[in-house]
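*Asks:* Structure, please.
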Amino acid sequence: MTRPVFGAALAVPCLLLTTMAGAQARDPSTSAVRGDATPASTIVVTGQRDPLKLDDWAQAGSRLGLSIRETPASVEILTQDELQMRGLRTAREAFNDVVGAIAGNVPGNPAVVTLRGFAGNTVSILQDGVRVSASTVVQRDTNIWHYDRVEVLKGPASVLYGEGALAGVINKVTRKPVAGERHVDMLVSAGSFGTVFAAGGVNLPVSPDLAVRADASYQRSDSLYDVDNNDSFSAGLTASALWRPGDRLSLLIAVEHFEDRYDATYQGLPLIPAAFALQPTDAVHSNSGLVADRALRRRNYNPLGAYSGSNETTLRTRLDWQVAGGWTLAIDLTGYTADRAFLLADNQVFRAPSAGFPNGSFIQSYQDFRHDHRFWNARGVIGHDGPVAGLRNRFSLGVEHNDTDFSSLRRQAPTSALPAVDVRRPAVVPPPTSPAIFTSGDVTFDSRLKQTSVFAEDALNLTNTWLLVGGVRWDHMALDRATIQNVGGAVDRNSPTFDPVSWRAGTTWDVVPGVTLYGQYTTAVSPVSSILLASVGNSRFRLTRGRAYEAGFKASGWSGRGSVTGAAYRIEQRDILTRDPSDPARSVQGGRQSSQGVELSAVVMPARGMRLAGGASYVEARYDALSELVGGVRVDRSGNRPVNVPATTLNASALYTTRGGVSLGGFVRHAGAFFTDTANTIRVAGHAVVDASLSLPVTAQATVSVRGRNLTDAFYGEYSGYPSTNVYIGAPRSFEVALAARF
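*Replies:* This next block holds a predicted model:
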């Protein structure tokens, strides 16, 4: 993994965008199919708008151009100006700010998300509306500067995006050119733990028909978690050109490149017996007496030279054509390539003090995982917006095909593969260099996946206030999977096919002006594990199936100064892996998992310059039927809560801006307790984090901001690591100064 080759592009002085124009509302009536990146030819900018953007269009929610209010599901949007106001820097921080979600930074899948009681492969991450693979495979902790907005569709969404979208979809929409505008957005900041950030973007009108935009970002830190030997960097370069020769035709060409690296990969804080802890805390409780020792807060036990890193590039083009008579055509082509590596000590086993290690020691296993990932996707959608029997009807029909070529070297060394290290003063040891240590696993997973999909959606207005929405999708998935033993050359191969059908039916009803009720039923499918990384044995299982019921409301009023949404839901997943009652050593399908909960979001502007916002969620999640093999014995886990699922989350913010442009903000984020193991024996306590910001304009174009994070210096568990006995501890108190401007 190398440093970014485009670093020279970041030599330009960089500042933060602070005077961004307000979000542009898209009028859904202008096109039956809005497309995934290109706005409609008619842009409506309103002065007074509902703060939750209920009348905006979100591409994650539908291909019919439905507004959020018309979509019979929970949809949340974080715009770029909101991300900047909140001080969110990376994808993980942004995902963590979604109502009902928490995110972690596990080395093999940074920015992994838990949503509505489910985690990992059940949350799909999209890049401009295109799903490349499971979030646990492709998602990285990228710089958030490059996104115009982050859209979150909560609940099953396989009808739109195929397998894996059981708990929801997060769509990262990159910044695109704006016709007729010439401006430069910039940011520089510096803060605690040696963290510096620089970013800049330029939007240029080349001609009346052509506009281009380019953005670059770079972040480096001694450690985002203030951990020893954990230098990190992330960088991005995105560029796009938009050609619009007329009101009915547009062509977008875009390229994205992201890189990141975390040195001496951090695997979280290992728990140790309370008897050997110097500063035991109540941040973690274990039935076996393990605790989180605050004295080990900054220790990193990984070998120096181990790292987690990624290098990925996406090339995309999209054609949108409003043909005539309400007909539209959208063609989307995407190519993607990535190389990833995860080298780390993935497990630490505590040993009591001995003659050589008076403080106790850890013996460690070691893994070397690498990805060589190639993907391309082609999608075509036709749509129509017009009357059917005198009623307005919006319809779309699409075909999609993608090809994935995925090779993964997976080497696993046993415990004691690395030299033992002192718990208090871990020696900096080199990573192993000989492949001979990989005695418990040295294989290459070679996968070829071809997927063809046909999908349709329809939205029929029975009245001006009553809308019916439906959709269906069929996927044909052909997987050619081989597991190659690198020592000896033995090959185990399987070539399964899957043909799932997913659908949804919903309705919205405007009961009074500004207040909409909705409900929907939807289905989804997911593999028992990532389809690209599943063992050959697991690839022989059928897809798990899920279904969900949801009802809620969306309301705005008070002269456009307040918005509130609420939802109640239940999600069920069946056919997850469990143990055969008659043969505990054998995995079978038949397990079940479910969640049910409520969510509430609100934004209100009670006075000039004042903005209050908040969101809260409560979820009851459980394994309805699950058993595991422990020491050769089948153990029932039914009734337990899934890993990394807090029952409650809360976020709230208050921002006040004076007439002179001085802004003062306060932010609170809370997550309830969660477990790191399916046995529910290791419980991470709930926590609350308080941030604050102060911004002062220094010129008409520039602002200086001071931000404090985790002002109470809370010591808390954020997410669990690979082993259940490792917990990521949130970053301690930190400060940042930023200079921001737009020219």
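
*Asks:* host element of Gly665?
*Replies:* Taking DSSP states H and E as the criterion, Gly665 maps to strand 663-671.

*Asks:* Parallel or antiparallel, list what pairs with the next helix or strand after that strand.
*Replies:* Sequence-wise, the next helix or strand downstream of strand 663-671 (DSSP H and E) is strand 674-675. Paired neighbours of strand 674-675 in the sheet (DSSP bridges): strand 682-684 (antiparallel).

*Asks:* Let me know the average pLDDT across the strand it pairs with.
*Replies:* Strand 682-684 shows an average pLDDT of 97 in the prediction.

*Asks:* repeat for stretch 129-143
*Replies:* pLDDT averaged over stretch 129-143 gives 86.

*Asks:* Determine how far the last residue of it lies from the first.
*Replies:* End-to-end distance of stretch 129-143: 18 Å, with CA to CA, to the nearest Å as the criterion.

*Asks:* just how off-centre is that stretch within its chain?
*Replies:* From the chain centre to the centre of stretch 129-143 is a distance of 7 Å (CA atoms, centre = their mean, to the nearest Å).

*Asks:* neighbours around Arg425, how many?
*Replies:* By other CB atoms under 10 Å, 9 other residues sit near Arg425. For glycine as for every other residue, the C-beta is placed from the backbone atoms N, C-alpha and C.

*Asks:* Could you shift the numbering so residue one becomes 52, and keep it that way?
*Replies:* Understood, numbering begins at 52; the last thing we discussed is Arg476.

*Asks:* Could you measure from it over to Leu238?
*Replies:* The gap separating Arg476 from Leu238 is 39 Å, by CB to CB, to the nearest Å.

*Asks:* Same question for Val479.
*Replies:* 35 Å.

*Asks:* neighbour count winner among those two?
*Replies:* Leu238 (24 against 13).

*Asks:* surely that one meets Phe248?
*Replies:* Yes - here Leu238 reaches Phe248: they are 6.8 Å apart, a contact under CB atoms under 8 Å.

*Asks:* Can you pull the residues that touch both of the two?
*Replies:* Ala789 (CB atoms under 8 Å, 6 or more residues apart in numbering).

*Asks:* SS state for Asn210?
*Replies:* Not quite, residue 210 is Val, not Asn. What DSSP: H, G, I helix; E, B strand; the rest coil gives for Val210 is helix.

*Asks:* before we move on, what about His527?
*Replies:* Following three-state DSSP, His527 is assigned to strand.

*Asks:* Quick check: closest non-adjacent residue to it.
*Replies:* Thr503 (4.8 Å; CB to CB, 6 or more residues apart in numbering).

*Asks:* Which pLDDT value goes with Thr700?
*Replies:* Looking at Thr700, its pLDDT reads 97.

*Asks:* For beta bridges, what are the partners of Val719?
*Replies:* Under DSSP bridges, the beta-bridge partners of Val719 are Ala703, Val741.

*Asks:* which of the residues in stretch 771-788 are buried?
*Replies:* Going by neighbour count (16 or more other CB atoms under 10 Å), the buried part of stretch 771-788 is 771-783, 785, 787.

*Asks:* Identify those among those that sit within strands.
*Replies:* 771, 777-780, 785, 787 (DSSP state E).

*Asks:* Report the next helix or strand after the lowest-mean-pLDDT helix or strand in the chain in sequence order.
*Replies:* Lowest by mean pLDDT, DSSP states H and E among the helices and strands of the chain is strand 94-95, with a mean of 34. Next helix or strand after strand 94-95 toward the C-terminus (DSSP H and E): strand 125-130.

*Asks:* Just the CA trace of that next one, in PDB.
*Replies:* Output of strand 125-130 as PDB, limited to C-alpha atoms (Å, rounded to 0.1, in the frame of the first residue of the first chain):
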ATOM      1  CA  SER A 125     -38.200   5.800   6.700                       C
ATOM      2  CA  VAL A 126     -35.700   7.800   4.800                       C
ATOM      3  CA  GLU A 127     -33.100  10.000   6.400                       C
ATOM      4  CA  ILE A 128     -30.700  12.500   4.600                       C
ATOM      5  CA  LEU A 129     -27.500  14.000   5.900                       C
ATOM      6  CA  THR A 130     -26.600  16.800   3.500                       C
END
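
*Asks:* Please, where are all the strands along the stretch 602-751 of the chain?
*Replies:* Assigned strands in the stretch 602-751 of the chain, in chain order: 613-631, 634-655, 661-676, 678-681, 684-687, 699-708, 714-722, 725-726, 733-735, 738-748 (criterion: DSSP state E, counting those that start in this stretch).

*Asks:* how much distance is there from the lengthiest strand in the chain to the middle of the chain?
*Replies:* The residue-count maximum for a strand in the chain (DSSP E) belongs to strand 412-439. When distances are taken as CA atoms, centre = their mean, strand 412-439 is centred 12 Å away from the chain's centroid.

*Asks:* rewinding a little: would you format the strands of the stretch 602-751 of the chain as JSON lines with mean neighbour count included?
*Replies:* Listed next are these as JSON lines, based on neighbours: other CB atoms under 10 Å:
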{"stretch": "strand 613-631", "mean neighbour count": "20"}
{"stretch": "strand 634-655", "mean neighbour count": "17"}
{"stretch": "strand 661-676", "mean neighbour count": "19"}
{"stretch": "strand 678-681", "mean neighbour count": "17"}
{"stretch": "strand 684-687", "mean neighbour count": "14"}
{"stretch": "strand 699-708", "mean neighbour count": "18"}
{"stretch": "strand 714-722", "mean neighbour count": "19"}
{"stretch": "strand 725-726", "mean neighbour count": "22"}
{"stretch": "strand 733-735", "mean neighbour count": "22"}
{"stretch": "strand 738-748", "mean neighbour count": "17"}
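
*Asks:* Out of the ones you listed, which is closest to Asn160?
*Replies:* Closest to Asn160 of the strands of the stretch 602-751 of the chain, according to CB to CB: strand 725-726, at 17.2 Å.

*Asks:* who's in contact with that closest one?
*Replies:* With CB under 8 Å, 6+ apart as the test, strand 725-726 has contacts from 153, 691-697, 732-735, 771.
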